[in-house]
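Novice: Kindly generate the corresponding structure for this input.
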Amino acid sequence: MVGLLAHGMGLMLVVFLALALPGLQSQALPPAATAPGRSDERGSRPKNPILNAKSTLEKHGITFSGWLQLDGSTVAAGGQPNAIGFDGQDLLDVTTTVDTKQLLGWPGGTFMIDVQSHNGPSILRRQMPALQDPDNMDAYQQTSVDRAWFQQDLLSGKVQARVGVMYVDDQYFTVPYGQNFVSLNFSSDASISTFVLPTFPKGAFGGDVFVYPVKGLSLSGGMWNDHATELSYDPGGDLYVTEEGWQSAWRGRTYKVQVGAWRDTGRFRRFAGGITHDASGEYAVASQKWWQPRGSSDRGLGTFFQFGTGPPAVAAVRRHYGAGVVWTGPMSSRPHDEIGLAFSDSLLTAQTNFTHGFENEIEAYYQIAAWKGLTVQPDVEYWLHPGGMSTPNTVLALTRIMYTF
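Specialist: Just a heads-up that it's a prediction; the model follows:
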């Protein structure tokens with residue numbers, strides 16, 4: 001545990017020093033303090049070669065970004081027998097994007113490649129079982145290219161076509177106001193993410209098209225032929241998703257409605273025996289900003305509601321409901337802090353051997369904007385009937401530290 005934390009903190013320190021130290025040095029040393037032999041003809045110090053290279057690449061449309069995330073969790077009550085007292089994980093994610101117009105003179109094109117390195121034991125295996133993951137960073141230990149795609153904008157951005165390896169829930173099943181919850185329940189939908197959805201940590205190859213015919217309206221559809229799966233077997237087949245969205249404002253406050261459907265052509269094992277040759281479901285997400293203080297568009301109170309269905313003959317979660325409220329800038333002196341509270345209800349299929357017919361979760365967090373790019377987030381989750389089996393109700397205390405660069 002100590003080694004894992006040291007590894008994660010070491011990574012964060014390296015990133016921090018690489019980004020911050022050159023700037024601090026330039027402020028601390030006036031030109032007169034430059035060491036002999038280190039000045040150009042005008043007496044000023046040469047620029048940092050790393051920053052020089054970064055600036056040159058950016059001028060050619062090549063940019064880098066990423067984050068370092070450290071998660072720690074403790075079972076405060078319940079959990080599986082012999083659960084470990086502390087689970088520590090770290091994730092380093094670095095993204096490179098290329099604007100083809102700046103680099104090649106080809107307008108409307110974007111290349112993206114994402115590399116990640118994850119370490120740490122899974123909460124599901126070491127602390128508590130659940131159908132939906134208590135930590136959306138939970139994964140096996142790996143360093144890999146998890147996403148790589150090309151996007152082309154057409155008709156002045158009214159059409160966007162994308163092909164490559166991607167997470168489907170980067171653009172589908174998204175939940176406004178749900179992205180900062182630690183549990184996967186509120187950043188995706190349990191009816192498909194516990195079943196066949198290609199998501200972190202393994203993307204799938206495919207393509208999609210988004211059309212924006214009028215302001216606020218989006219129509220989209222995609223296909224992936226190598227979907228990731230939470231099943232114990234590979235059903236094969238292709239995953240198809242379509243989603244329609246409408247975004248507008250009511251009394252000056254933004255709202256959004258998304259409705260979608262999915263179908264998978266794989267061969268799935270029925271709980272009652274036999275094989276079915278496809279599976280399908282529907283989902284909907286609605287979000288609304290209800291209140292904001294006068295003179296501030298960033299602060300305010302927002303809510304979301306989500307609903308999804310899965311095929312009860314082959315999927316453990318036949319129906320999922322979720323709802324939450326997020327308060328950004330609860331104090332004028334802390335405009336970037338955030339408080340979140342959400343509830344999830346997963347109804348389980350009766351065709352399995354589940355001891356209980358549902359799995360519920362309540363999550364609450366306070367995200368502290370500690371410094372530019374750095375957030376610290378204490379978080380508590382309460383799970384009722386985790387995994388739908390005999391595991392006692394569980395209280396999970398978590399802390400997420402994230403540095404974005």
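
Novice: Quick check: phi and psi at the nearest residue to P201 once chain neighbours are set aside.
Specialist: Nearest non-adjacent residue to P201, counting by C-beta to C-beta, 6 or more residues apart in numbering: A139, 3.9 Å away. In short, each C-beta sits where N, CA and C put it, glycine included. Main-chain torsions, A139, degrees, to the nearest 10: phi -170, psi 180.

Novice: try S191
Specialist: When read as degrees, to the nearest 10, the backbone of S191 gives phi -70, psi -20.

Novice: Quick check: the gap between it and G308.
Specialist: Taking C-beta to C-beta, to the nearest Å as the measure, S191 falls 4 Å from G308.

Novice: Overlap in contacts, the two.
Specialist: Common neighbours of S191 and G308 (criterion: C-beta atoms under 8 Å, 6 or more residues apart in numbering): 281, 283, 319-320.

Novice: So which of the residues you listed is surrounded by the most neighbours?
Specialist: Comparing the shared contacts of S191 and G308 by number of neighbours (other C-beta atoms under 10 Å), H320 comes first, having 27 neighbours.

Novice: Quick check: pLDDT value at that one.
Specialist: H320 carries a pLDDT score of 97 in this model.

Novice: For the helix or strand that contains it, which strands pair with it and how are they oriented?
Specialist: For H320, the host element (DSSP states H and E) is strand 317-328. Strand 317-328 pairs in its sheet with strand 300-309 (antiparallel), strand 338-348 (antiparallel), by DSSP bridges.

Novice: Give the buried residues for that strand.
Specialist: Neighbour counts over strand 317-328 (16 or more other C-beta atoms under 10 Å) mark 317-324, 326-328 as buried.

Novice: Now render the shared contacts of S191 and G308 as CSV, adding distance to N360.
Specialist: What follows is the shared contacts of S191 and G308, written out as CSV (distance: C-beta to C-beta, whole Å):
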residue, distance to N360
G281, 20
Y283, 19
R319, 13
H320, 11
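
Novice: biggest separation within those, which pair?
Specialist: Distances among the shared contacts of S191 and G308 were taken as C-beta to C-beta; the most separated pair is Y283 and R319, at 10.4 Å.

Novice: which neighbours do these two share?
Specialist: Joint contacts of Y283 and R319 (C-beta under 8 Å, 6+ apart) are 191, 307-309.

Novice: Of those - the most surrounded one?
Specialist: In these, the most neighbours by other C-beta under 10 Å go to S191, 29 neighbours.

Novice: Quick check: it vs A279, distance?
Specialist: Using C-beta to C-beta, S191 is found at 11 Å from A279.

Novice: what do these two both touch?
Specialist: Residues touching both S191 and A279 (C-beta under 8 Å, 6+ apart): 310, 315.
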